[in-house]
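> My questions concern the predicted model and sequence given below.
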Amino acid sequence: MRFDAIWFRYARRAGWTLRAVTAAVEPGQTVVVLGPNGAGKSTLLQVAAGVLRPTRGAVRDRPPVVGWVPERFPAAQPFTTLGYLRAMSALRRLPETAADHWIDRLGLTGHLHTPLGDLSKGTAQKVGLAQALLTPPGLLVLDEPWEGLDAASRVLVPQIVAEVTEAGGAVLVSDHRGEIAGLPGAVHWTVRTGEVHPEQQDGPVAADDVIVEVAVRRHEAAEAVVRLRASGHRVLGVRENAAPEEAR
Amino acid sequence: MTALTRMRLAGFLRSGRALAPLITALVVLSVLYGGGSSPAASAYGYSAVMLFPVLAWLTKLVLDTEPDVQRHLARLTVGPVRESTAGLLAALALGAVVCVLAMLAPVPFGGIRGPLPGSGETALGTGILLGVLAHMLALLGAVSLGALAGRAVTRRVLPGVAVLVTGSVLAIVLGLRGSFAPWLVPPVMATARELSARTPPTAGTLLLLGGWTVLWCGAALGVYAGFRRRRS
């Protein structure tokens, strides 16, 4: 899938939210979109998914099945979890039982008959994930998927991302909470004032390079990666702390 | 598409938003039929006129019930054309129910009657058929107007209400006899006039009214589709 010189603004008189975005996402690739609040991350993801139409330019070769997990799940609907997921299955012409696998896996079994409006933020987010995965997506767009999820559920996101990419799907995910450590093979894009900088593959380490290991707070990880790259350093990887606190 | 239409109908009916337009329709109909009886064609012609704004309002409510994000999700799932069409179908279905109620409303009031002997008025059966036609034409126009007033087009509350109110008022004002631009609005008033004329409308007149409605709705829905494509 390619972004072909995309410009986007929300209204004719508004400033450009995205400027001259040209980038490509390969099948099986995970792209983490980084950047400060208001930089245009969410807009970029919505253009990628096809929710927003670019003002200029075009998104080419978008896979036919797109799963989109919006930043905030639209919970103001008079359906229960089960009723909603069944209705969304019917939209995709799937049998009623299509959502059962995801209901089970995302731990929604206890909330089947709860009205969407009464769900906690994290649980609603899981319903959003479930509806996006009903048909295996060729493109999965996750807008801050960790928002509101508890620790036990947070690990599910990288698992699901891995499954989608292994099946040949592409994944775009935005993150400002430093969960990117869980997505080791991901490519990072940085959005800054509407411009997208696909990070050049941080090339091989030269003979006179040294490697500095840096520990950063989880919620500052994304920002740290952006800052280090902005100052010309190459970021070789982001990983979870190998020795969890309890073990020390 | 039927699945999405069903989902929208379920969402709308459970939201309880149907109550206000339904009560309004009942008030309008009781005012219309409360004061004695008139020939079926004439009564139904004016019932269609009075329901026009209510049906347009109902359409706006049906289309606006769904949160924007859910509309985007549906659009990604079934495609833009089906998503737009499903909303219009849901509005048409509910509007048709209101029209059936409106057709039945004069029964308890004794609001319609057959021709008076020797008056040359239309037979009761013909009058009822003409009434069905008048309601169908009004419904098509109202759904098109309501769609243009929907949040997906107007984005904010005030412009949406403005489109709805202006459209409803113009449909009546520009539909008056001697109007300078009757073709700017759907022919609800023209239909009512034809139905209450002393002689029943000819087939040619009915075709003209039908064609006028279809063309007007085609133009309005064309504009709607254009807005939806740009503001996806």
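Okay, I see it. Numbers count the residues shown, from 1 in each chain, chains lettered A, B, ... in the order given.
> can you give me the strands for chain A?
Remark: strands assigned in chain A by DSSP state E are A:2-8, A:18-24, A:30-34, A:56-60, A:66-69, A:139-143, A:170-174, A:187-192, A:195-198.
> JSON lines for those, including mean neighbour count?
Placement of C-beta: from N, CA and C, glycine included. What follows is the strands of chain A, written out as JSON lines (neighbours: other Cβ atoms under 10 Å in any protein chain shown):
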{"stretch": "strand A:2-8", "mean neighbour count": "18"}
{"stretch": "strand A:18-24", "mean neighbour count": "18"}
{"stretch": "strand A:30-34", "mean neighbour count": "25"}
{"stretch": "strand A:56-60", "mean neighbour count": "15"}
{"stretch": "strand A:66-69", "mean neighbour count": "26"}
{"stretch": "strand A:139-143", "mean neighbour count": "26"}
{"stretch": "strand A:170-174", "mean neighbour count": "24"}
{"stretch": "strand A:187-192", "mean neighbour count": "20"}
{"stretch": "strand A:195-198", "mean neighbour count": "18"}
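> just for the chain, where's the confidence low?
All of this is about chain A. A:177-178, A:180-182, A:200-205, A:242-248 (pLDDT under 70).
> wait, chain B
Ranges of chain B meeting pLDDT under 70: B:232.
> Name the residues of it found near chain A, please.
Neighbours of chain A within chain B, by Cβ under 8 Å from any Cβ of the partner chain: B:3-4, B:6-7, B:10-11, B:14-15, B:66-70, B:72-78, B:229-230, B:232.
> Quick check: A:R60 touching A:A5?
No - counting by Cβ atoms under 8 Å, A:R60 stays clear of A:A5, with 10.6 Å between them.
> Around chain B, pick out the residues from chain A.
Counting by Cβ under 8 Å from any Cβ, chain A sits next to chain B at A:46, A:49-53, A:66, A:68, A:70, A:72-74, A:76-79, A:87-88, A:90-93, A:131.
> And A:A152, how close does it get to chain B?
26 Å (Cβ to the nearest Cβ, to the nearest Å).
> Could you pull up the residues touching B:W183?
B:W212, B:W216 (Cβ atoms under 8 Å, 6 or more residues apart in numbering or on different chains).
> now with 7 Å?
Contacts for B:W183 were tallied using Cβ atoms under 7 Å, 6 or more residues apart in numbering or on different chains; there are none.
> got the residue ranges for the helices in chain B?
B:2-15, B:19-33, B:40-65, B:68-78, B:80-104, B:106-109, B:124-149, B:151-154, B:157-173, B:188-196, B:203-230 (DSSP state H).
> Tell me which residue is most central in chain B.
B:L139 (2.6 Å; Cα atoms, centre = their mean).
> Leaving out sequence neighbours, find the closest residue to it.
B:G95 (4.7 Å; Cβ to Cβ, 6 or more residues apart in numbering or on different chains).
> Likewise for A:Y84?
That would be A:L116: by Cβ to Cβ, 6+ apart, it lies 5.9 Å from A:Y84.
> right, and that neighbour touches A:P78 too?
No - using Cβ atoms under 7 Å, A:L116 is not in contact with A:P78, being 8.0 Å away.
> contacting residues for A:W7?
Contacts of A:W7 (Cβ under 7 Å, 6+ apart): A:W16, A:L18, A:R19, A:A20, A:P54, A:T55, A:R56, A:G57.
> do that again at 6 Å, thanks
A:W16, A:R19, A:T55, A:R56, A:G57 (Cβ atoms under 6 Å, 6 or more residues apart in numbering or on different chains).
> Excluding sequence neighbours, find me the nearest residue to it.
A:R56 (4.1 Å).
> and the residue nearest to B:G120 when sequence neighbours are not counted, how many neighbours?
With sequence-adjacent residues excluded and distances taken as Cβ to Cβ, 6+ apart, B:G120 is closest to B:R198, at 7.1 Å. Neighbour count for B:R198, taken as other Cβ atoms under 10 Å in any protein chain shown: 8.
> Same check on B:S168?
Counted with other Cβ under 10 Å, B:S168 comes out at 22.
> That one reaches B:V54, doesn't it?
No - contact criterion Cβ atoms under 6 Å: B:S168 and B:V54 do not qualify, at 9.0 Å.
> what's the distance between the closest residue to A:R154 other than its chain neighbours and chain B?
Take A:R154 and drop its neighbours on the chain: the residue closest to it by Cβ to Cβ, 6+ apart is A:W146, 5.5 Å away. Per Cβ to the nearest Cβ, A:W146 is found 18 Å from chain B.
> Show me which positions of stretch B:76-93 end up buried.
B:76-78, B:80, B:82-92 (16 or more other Cβ atoms under 10 Å in any protein chain shown).
> about what we covered before: between A:L116 and A:P78, which one's more packed in?
Legend: neighbour count by other Cβ under 10 Å for A:L116 and A:P78, higher for A:L116 (21 against 18).
> give the contact list for the more buried one.
A:L116 touches A:A75, A:Q77, A:F79, A:Y84, counting by Cβ under 6 Å, 6+ apart.
> got it, and A:L139?
Per Cβ under 6 Å, 6+ apart, neighbours of A:L139: A:P63, A:V66, A:A170.
> Burial check on the nearest residue to the first one once chain neighbours are set aside, number of neighbours?
The one in question is A:P63. Nearest-residue entry for A:P63: A:G138, 2.5 Å, with adjacent residues in sequence omitted and distances by Cβ to Cβ, 6+ apart. Residues lying near A:G138 (other Cβ under 10 Å) number 18.
> go on, B:M136?
B:M136 has 17 nearby residues by other Cβ under 10 Å.
> Find the nearest non-adjacent residue to it, please.
Per Cβ to Cβ, 6+ apart, closest to B:M136 is B:C99, 7.4 Å.
> tell me which residues in stretch B:92-110 are buried?
B:L92, B:L94, B:G95, B:V98, B:C99, B:A102, B:M103, B:A105, B:P106, B:F109.
> For the first one, list the residues it contacts.
With contacts taken as Cβ under 6 Å, 6+ apart, B:L92 has the following neighbours: B:V143.
> Okay, it and chain A: tell me how far apart.
Taken as Cβ to the nearest Cβ, the span from B:L92 to chain A is 19 Å.
> Kindly report the same for the second one.
Here B:L94 is placed at a distance of 16 Å from chain A (Cβ to the nearest Cβ).
> Contact partners for A:A87?
B:M7.
> try it again with 8 Å
A:A87 neighbours (Cβ under 8 Å, 6+ apart): A:F79, B:A3, B:R6, B:M7, B:A10.
> Now the buried members of these.
Buried among the contacts of A:A87 by 16+ other Cβ under 10 Å: A:F79, B:A3, B:R6, B:M7, B:A10.
> And the residues you listed, which two are furthest apart?
A:F79 and B:A3 (13.5 Å; Cβ to Cβ).
> and the spatially most central residue of chain A, bridged to which residues?
The centre of chain A sits closest to A:V173, judged by Cα atoms, centre = their mean, with a distance of 1.8 Å. When bridges are called by DSSP bridges, A:V173 pairs up with A:V32, A:L142.
> quick revisit: mind putting the contacts of A:A87 in CSV, distance to B:T59 included?
Shown next, in CSV, are those (distance: Cβ to Cβ, whole Å):
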residue, distance to B:T59
A:F79, 22
B:A3, 20
B:R6, 17
B:M7, 17
B:A10, 17
